[in-house]
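Undergrad: Test case, fold it:
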Amino acid sequence: MLMLRRNSVVAIILPILLGSCLSSSAQSRARTYAAQPKGGNAPTQSVLYSFCGQGGQLCTDGVYPMGQLAQGIDGNFYGVTEDGGSNGEAYGGFGTAFKLTPSGTLTTIYDFCALSDCTDGINPQAGLIVGGDGNFYGVTTGGGANDGFGTVFQLTPAGTLTVLYTFQNTTDGAYPSGPLALGSDGNFYGTTTSGGASGPGGSGTVFQLTPAGSIKTLYNFCSATNCTDGATPEGGLLQGSDGYFYGTTAGGGSDSSGCFGFGCGTIYRVTMAGALATLYSFQDGADGASPEAGLVQGSGGFYGVTFTGGTPSDGCGGYGCGTVFEFVPLGAGGTLTTIYSFGGAADGGESESRLVLASDGNLYGTTNYYTVGTDDNTGGTVFQVTPTGGLTTLYTFCSLTDCADGEQPADGVTQGNDGNFYGVTLYGGANEESAGGAGTAYKVGFATPLAAPIQLSVYGQPYQNQPTTVYFNVANAHSLSSQQCYAFATDETASETYALGKVTGTLKGSVFSGSFTVTPPTAATYVGALTCGGTETGFISGAVMATHATATVLTAAPNPVYAGGSEQLTATVTRTDSSGTPTGSVTFYVGTYVLGTASVNGSGVATLSANASIAPYGSYAINAVYGGDTQDGASTSNTVTVVSEKGVTSTMLTASPNPVTEGQPVTLTAVVSTNGGTVIGSVGFYSGSVYLGTGNISGGTAHFVASSAGIPPGNYPVTATYSGSNGQSVSTSSPVTVTVNPAP
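TA: Model prediction:
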């Protein structure tokens, strides 16, 4: 079984990556030193936990914590140890995953090598990231089902581990040691330090892994002659604002003769489809050499560190103490500027930590090394560096007796939601672990705290079952990686968490901002969380109030309604506790058919006049649904049966003049009245059974002028028949006798 310490993979493949090369293509800016940040905001450091404090020599709480901590959606920090745990031996083991509260209480949530033949993986070296489901994702450098070449796993906050993929040391790679990156497409992206299709043993790969565990090798390093494309990517990937992934390799590059013939490392860009471009090759001069950490994107470009090189070149064992650089991509290349060269004294050296672009716009990281006088000291530092290169050492480790405060903070810091920085040291601490210490977890902050990197806000009082908008601001989120933000809401009373999914926002200046909506189903204390970039999380908490219960009463008038008439629907909404008047709107229905919607007025009343919506002939079940507002719950009214009837008409006929002289015209007038609705249509006029003609109704009256020409003198009974309509019945007048007298 392969047992690994940090850099052991690199030691196997590139044993002298710390070597020195001779040439340089970048200029170094002057170094600056300061006792504390300008303005007198002095930093403070505290040890939160010393590992190997549980389980005696077995160190069930873990040994040698590694990787960047990730703040989970519960507010705690999660990380891994390379060794220790319940499945090992005295001062040994296969590593753990742990939960650490901000106040320093540690709980081991998983012991690696819990499965037969360690198929769940061993010796995790990279930090965890928070996925879109609230679970954690990471890699182990060894173990797995295929002779121990490492795994990718999912880990719940409660400690349930699922192996998503086991590396086979073929074209898929082997020994992943850098953290995963969550891509904008929802897949995970990462690197392996060995394996792949190129060269003996391989020089590492770039891979894509779906959440279901399907892997795709995007690129095999050392595919170019003499590995000019780079070799041994250790620091993981970052998705830039342009959608491409960016990373570094610790070896390879165009200066293939440098750094003892292994090359001094590269900066590269790779697409989601696997097209890779080597953008820069380090020369081990003022530009540095052997970058072992990933990149972070700022407003001007990308920032990173090199483990060795820089000026002066004779520090840190003669290999140079490394640099902080800014890189601006340009086409198929780019411009690299060394903004700081470590000297190995109070400023430290040999940094292999990914920098963090914090809420104040400065970069924060760690070094493994520093010297005091002529004595070597591997305590390491936490530092702040401005984007233009002004460096401040915030804390120097091994400042306490026997390095009780920790030693070698190898993997950088995470800015917590309180604005402080949290990290781990590989060695040191209060517990022996063969006298070297088993490592610590620590916090570094300022007397005046920095702003939280992710800030959430809610306006107004949230109520249950009502949508609540949460607004967010993410500081200095220039890369797409830092904009991969997922929202969660936790009912603290019921201990139930709801994943709300990925949020969208807009980058304006340096702030990524937007909003998301949550509808809390119960009245309880809720915590809203937004995790971005897999490591940083913002929080907001507060009480969700119970909505007021409401009652809705529906009335309808007139009832019955005559077709063609108007039906007034009135819904009165009240709070059952009589504490106030609801607002919002009411929707009126006939079955599932929407008649219309009306707003609730200041008296709690909503009205709707239904006209043509009321069909003739029949009974209609109508109800009203109040939709609720920010404080009031929804309610459904009683059902009112509205009867739609035809109007009953009567027709009255008159004739003028009457009598008439033979040949003289007579005007027949029919007045049609109804007990409801509007009379429309026409009236037919008859003499006995003889049809005389038709008059159209206007204003309830129809006229027809009949001629008596050619009609013999006599008495003639005339009637008028209203033909009816959809809303009115047929009616016939009483006969009127029209007398026709002989012409003189």
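
Undergrad: Show the pLDDT at residue 535.
TA: For residue 535, the pLDDT comes out at 96.

Undergrad: For it, give its distance to residue 97.
TA: Applying C-beta to C-beta, to the nearest Å, the value for residue 535 to residue 97 is 15 Å. Just so you know, the C-beta spots here come from the backbone N, C-alpha and C atoms, and that holds for glycine as well.

Undergrad: who's more crowded, those two?
TA: A direct count of neighbours by other C-beta atoms under 10 Å for residue 535 and residue 97 places residue 535 higher, at 27 against 23.

Undergrad: isn't the more buried one right up against residue 127?
TA: Yes. Between residue 535 and residue 127 there is a contact under C-beta atoms under 8 Å: 7.3 Å.

Undergrad: any shared contact partners between the two?
TA: Common contacts of residue 535 and residue 127 (C-beta atoms under 8 Å, 6 or more residues apart in numbering): 68-70.

Undergrad: Just the buried subset of those, please.
TA: Among the shared contacts of residue 535 and residue 127, those classed as buried by 16 or more other C-beta atoms under 10 Å are 68-70.

Undergrad: Any chance of these in a markdown table with secondary structure and pLDDT as columns?
TA: Below are those laid out as a markdown table (DSSP: H, G, I helix; E, B strand; the rest coil; pLDDT from 0 to 100):
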| residue | secondary structure | pLDDT |
| --- | --- | --- |
| 68 | strand | 96 |
| 69 | strand | 98 |
| 70 | strand | 98 |
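
Undergrad: any idea which of these is closest to residue 706?
TA: Of all those, residue 706 sits closest to residue 70, with 98.5 Å by C-beta to C-beta.

Undergrad: From residue 666, how far off is residue 658?
TA: Distance, residue 658 to residue 666, by C-beta to C-beta: 7 Å.

Undergrad: Where does pLDDT dip in the protein?
TA: Low-confidence regions of the chain, defined by pLDDT under 70, span residues 1-40, 91, 199-200, 371-377, 433-436, 563-564, 612-616.

Undergrad: Show me where it has its helices.
TA: Secondary structure of the chain by DSSP state H: the helices cover 8-13, 258-261, 315-318.

Undergrad: Now do the last one: which elements does it pack against?
TA: Just to be clear, that refers to helix 315-318. Using 3 or more C-beta pairs under 8 Å, 6 or more residues apart in numbering; DSSP states H and E, no helix or strand is in contact with helix 315-318.

Undergrad: hey, C-alpha coordinates of that helix in CSV?
TA: Provided in CSV are the C-alpha atoms of helix 315-318 (Å, rounded to 0.1, in the frame of the first residue of the first chain):
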residue,chain,number,x,y,z
GLY,A,315,17.8,32.1,-0.1
CYS,A,316,15.9,29.0,1.2
GLY,A,317,18.8,26.6,0.7
GLY,A,318,20.1,28.3,-2.4
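
Undergrad: dump the residue contacts of residue 439.
TA: Counted by C-beta under 8 Å, 6+ apart, residue 439 has contacts 50-52, 62-65, 81, 406, 424-429.

Undergrad: Can you pull the domain assignment for the protein?
TA: Using automatic domain parsing, the domain ranges for the chain come out as 8-446, 454-543, 550-645, 649-741.

Undergrad: Tell me which of those domains sits most buried.
TA: domain 8-446 (a mean of 22; mean count of other C-beta atoms under 10 Å).

Undergrad: wait, isn't residue 414 in contact with residue 78?
TA: No. Applying C-beta under 8 Å as the test, residue 414 and residue 78 come out as separate, 10.2 Å apart.

Undergrad: who's the closest residue to residue 474 other than its chain neighbours bridged to?
TA: When the adjacent residues along the chain are set aside, residue 474 lies closest to residue 512, with 4.2 Å between them (C-beta to C-beta, 6 or more residues apart in numbering). Note on residue 512: beta-bridge partners by DSSP bridges are residue 474, residue 507.

Undergrad: What residues does residue 512 make contact with?
TA: By C-beta under 8 Å, 6+ apart, residue 512 lies in contact with 473-474, 477, 482-483, 485, 505-506, 532.

Undergrad: ok, residue 712 touching residue 739?
TA: No. The pair residue 712 / residue 739 is not scored as a contact, 11.9 Å apart, by C-beta under 8 Å.

Undergrad: Can you give me the distance of residue 626 to residue 620?
TA: 20 Å.

Undergrad: Over to residue 709?
TA: From residue 709 to residue 620 the distance is 53 Å (C-beta to C-beta).

Undergrad: Equivalent analysis for residue 133, please.
TA: From residue 133 to residue 620 the distance is 48 Å (C-beta to C-beta).

Undergrad: what about the strands in the stretch 51-200 of the chain?
TA: 63-71, 77-83, 96-100, 106-111, 129-130, 136-140, 151-155, 161-166, 181-182, 188-192 (DSSP state E, counting those that start in this stretch).

Undergrad: Now tabulate the ones you listed in TSV and tack on distance to residue 440.
TA: As requested, the strands of the stretch 51-200 of the chain are exported to TSV (distance: least, C-beta to C-beta, whole Å):
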stretch	distance to residue 440
strand 63-71	8
strand 77-83	11
strand 96-100	11
strand 106-111	11
strand 129-130	22
strand 136-140	20
strand 151-155	22
strand 161-166	25
strand 181-182	27
strand 188-192	27
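
Undergrad: Skipping adjacent residues, who's closest to residue 87 in space?
TA: Excluding the flanking residues, the one nearest residue 87 by C-beta to C-beta, 6+ apart is residue 113, at 4.4 Å.

Undergrad: what's near enough to touch that neighbour?
TA: Contacts of residue 113 by C-beta under 8 Å, 6+ apart are 85, 87-88, 93-95, 120-122, 143.

Undergrad: wouldn't residue 131 be in contact with residue 152 here?
TA: No. Using C-beta under 8 Å, residue 131 makes no contact with residue 152, being 11.7 Å away.

Undergrad: So for the two, which residues contact both of them?
TA: Common contact partners of residue 131 and residue 152 (C-beta under 8 Å, 6+ apart): residue 137.

Undergrad: residues in contact with residue 531?
TA: 71-73, 130, 134, 485-486, 488, 537-538.

Undergrad: Closest one of these to residue 177?
TA: Set against residue 177, the nearest of those by C-beta to C-beta is residue 130 (19.6 Å).

Undergrad: Distance check, the nearest residue to the closest one once chain neighbours are set aside against residue 454.
TA: Nearest residue to residue 130 in three dimensions, chain neighbours excluded: residue 531, at 4.6 Å (C-beta to C-beta, 6+ apart). Applying C-beta to C-beta, the value for residue 531 to residue 454 is 8 Å.
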